[in-house]
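Enquirer: coordinates only, sequence not included:
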């Protein structure tokens, strides 16, 4: 191994230029692994850092590592000081509990409201012994966040938020926030209760997806955050978008969110499932028809989905099931930006943004000759490959908390909570049907489970039989594989332009460079 120190030593020793380079090599280099203690670093020599897969990651010196550690410790201390100031000066009451629901932090605002003197010791005590009617211990058990809930504390109705703290796949505690401000919000919630309403009853009865935005889309996992970031960028343009992913991953939710954030948000949103319309009717459904164009044609004719979406967005779901002869006609419409009704001859100009969705491998269909290659590339200007639910299991508690009130209202049922064991089973199950299957399971247990808390035995047999979650290493490996695939796809779309690819991914160019190197991606 050739190191900078060896080269400098060779220069000091005035090694002749024509001497062979191996004279300056380290004959028996020191190799260390990324999990080795600092004491294994040689004091003077440079060591080779070896990854767990056996690849050499680079060279390190002990003093370099020490300097970096000192810098990181200084940054950590600064962050702790900032958080401490925020914690103690916040107007809201804040309490933090550990995984056993014992209090580990409580700020002055909360202490003052509870009448607890600064000298009184609450740290280490069970939260149920300190705060009236608290549900923080339940949040620790279930991992389900609870926002804008009313809680009677010291004889007063207050608004509280309860948020679980996750570290990887484990709940390590929870944060409770007591809101003193936002009086109008408090009165609004109390007014609903006075009228005999619940939060579930205020669930919107508007058409599904009507108000979907990226902000209210449920999910904080890395996989869904990356996808939301990319979809936000896609929404700003008129470029066609192809949303891929397994059934039940929320493709139309993303399509609606893209439309709602786009300059066409006030225009029409027209949706059609290409697999649900018989072949002989699909052309008339998409392009419209003139009077007398076929037996039974409506008098006066009728506009098609393309015309109805003029100045707006057309969502073509299940585009992979589009017949070949219709693919040719759609390609012509996209190229000419005009449509001719069935039985007509007049070209009708269009201004339509196209979003498509499929759960099929269209590239494979292109190779098989069942999907036009030119149409594929015309539709696939921006691709969004949605993660499966099994790739974002950390979002399951939040999804449960989101859907339970809606389903309870839909069926006029009481809301239910989930025991810690039942929630763990939900997180362990593989969810081949993704979010759609999760909603079906929630609907089932709401209807059939006895009591106010869902137990493991209330769950469907397939969910009950779910093995414990896969090892973290395997989960991490699968997430990395997906991230690598996404980066490769975006780089290909960007023509190898790393700056453009980084913008589409929503990460810094330097971060992209590191990931390219880490995953050995060829550019």
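Expert: Arrived safely, thanks for sending. Everything quoted here is computed from the prediction, not taken from an experiment. Numbering: from 1, shown residues only.
Enquirer: going by C-alpha atoms from here, please, whenever you check contacts or count neighbours.
Expert: Will do.
Enquirer: low-confidence stretches in the stretch 1-150 of the chain?
Expert: Confidence mapping of the stretch 1-150 of the chain against pLDDT under 70 gives the ranges 1-62, 83-91, 118-119.
Enquirer: can you give me the strands for it?
Expert: For the stretch 1-150 of the chain, the strands defined by DSSP state E, counting those that start in this stretch cover 31-33, 47-50, 56-60, 93-98, 103-106, 146-153.
Enquirer: what lines up beside the last one in the sheet?
Expert: Looking at strand 146-153 with DSSP bridges, its paired strands and their directions are strand 156-167 (antiparallel).
Enquirer: just the fourth one next, same as before
Expert: Based on DSSP bridges, the pairing partners of strand 93-98 within the sheet are strand 103-106 (antiparallel), strand 170-179 (antiparallel).
Enquirer: show me the protein divided up by domain.
Expert: Split into domains by automatic domain parsing, the chain comes to 4-67, 90-197, 222-385, 389-464, 472-518.
Enquirer: can you add distance to residue 75 and give these back as a markdown table?
Expert: Below are the domains of the chain laid out as a markdown table (distance: least, CA to CA, whole Å):
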| stretch | distance to residue 75 |
| --- | --- |
| domain 4-67 | 12 |
| domain 90-197 | 21 |
| domain 222-385 | 24 |
| domain 389-464 | 28 |
| domain 472-518 | 20 |
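Enquirer: for these, which one sits closest to residue 76?
Expert: Within these, the stretch nearest residue 76 is domain 4-67; the backing value is 14.2 Å (CA to CA).
Enquirer: returning to what we had before: could you dump the domains of the chain to TSV with mean neighbour count and distance to residue 211?
Expert: TSV is the format used below for the domains of the chain (neighbours: other CA atoms under 10 Å; distance: least, CA to CA, whole Å):
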stretch	mean neighbour count	distance to residue 211
domain 4-67	13	47
domain 90-197	17	19
domain 222-385	18	8
domain 389-464	18	15
domain 472-518	16	24
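Enquirer: compare those and give me the one nearest residue 214.
Expert: Per CA to CA, nearest to residue 214 of the domains of the chain: domain 222-385, 6.1 Å.
Enquirer: any idea of the mean pLDDT for the helix or strand where residue 515 lies?
Expert: Taking DSSP states H and E as the criterion, residue 515 maps to helix 509-518. For helix 509-518, mean pLDDT rounds to 81.
Enquirer: tell me which residues are up against it.
Expert: Contacts with helix 509-518, where a contact means CA atoms under 8 Å, 6 or more residues apart in numbering, come from 484, 487, 498-499, 502-503, 522.
Enquirer: what does stretch 241-258 contact?
Expert: With CA under 8 Å, 6+ apart, stretch 241-258 has contacts from 209-210, 212-214, 231-232, 234-235, 315, 317, 354-360, 379-389, 433-437.
Enquirer: rounded mean pLDDT for it, please.
Expert: 95.
Enquirer: packing partners of the longest helix along the chain?
Expert: Looking across the chain with DSSP state H, the single longest helix is helix 62-89. Helices and strands touching helix 62-89, as assessed by 3 or more CA pairs under 8 Å, 6 or more residues apart in numbering; DSSP states H and E, are absent.
Enquirer: mind pulling the model confidence for the residue positioned nearest the centre of the chain?
Expert: By CA atoms, centre = their mean, the chain has its centre lying nearest to residue 224, at 1.5 Å. Residue 224 is assigned a pLDDT of 92 by the prediction.
Enquirer: please apply the same query to the one 4 residues further on.
Expert: If you check residue 228, the pLDDT there is 92.
Enquirer: I'd guessed residue 109 sits against residue 92; true?
Expert: Yes - Residue 109 is in contact with residue 92 according to CA atoms under 8 Å; the separation is 6.5 Å.
Enquirer: quick one: stretch 365-382 to chain centroid distance?
Expert: 27 Å (CA atoms, centre = their mean, to the nearest Å).
Enquirer: end to end on it, go ahead and measure it.
Expert: 19 Å (CA to CA, to the nearest Å).
Enquirer: tell me where the stretch 301-450 of the chain has strands.
Expert: 312-317, 338-339, 348-349, 352-358, 382-385, 417-418.
Enquirer: now do the longest one: everything it contacts.
Expert: Translated: strand 352-358. So strand 352-358 is in contact with 238-245, 251-252, 255, 306, 309-320, 379, going by CA under 8 Å, 6+ apart.
Enquirer: how about stretch 315-323?
Expert: Against stretch 315-323 from outside (CA under 8 Å, 6+ apart): 252, 255, 269-275, 279, 354-360, 362, 371.
Enquirer: do that again at 7 Å, thanks
Expert: 270-275, 354-358, 360, 362 (CA atoms under 7 Å, 6 or more residues apart in numbering).
Enquirer: can you pull up the bridge partners for residue 97?
Expert: residue 103, residue 174.
Enquirer: cool, and residue 355?
Expert: residue 241, residue 315.
Enquirer: so how far is residue 162 from it?
Expert: 38 Å.
Enquirer: what's the residue nearest to residue 125 when sequence neighbours are not counted in contact with, if anything?
Expert: Leaving out its chain neighbours, the residue that sits closest to residue 125 by CA to CA, 6 or more residues apart in numbering is residue 102, at 5.3 Å. Residues counted as contacts of residue 102 (CA under 7 Å, 6+ apart) are 124-127.
Enquirer: okay if I get these as JSON lines plus distance to residue 67?
Expert: Listed next are the contacts of residue 102 as JSON lines, based on distance: CA to CA, whole Å:
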{"residue": "124", "distance to residue 67": "36"}
{"residue": "125", "distance to residue 67": "40"}
{"residue": "126", "distance to residue 67": "41"}
{"residue": "127", "distance to residue 67": "41"}
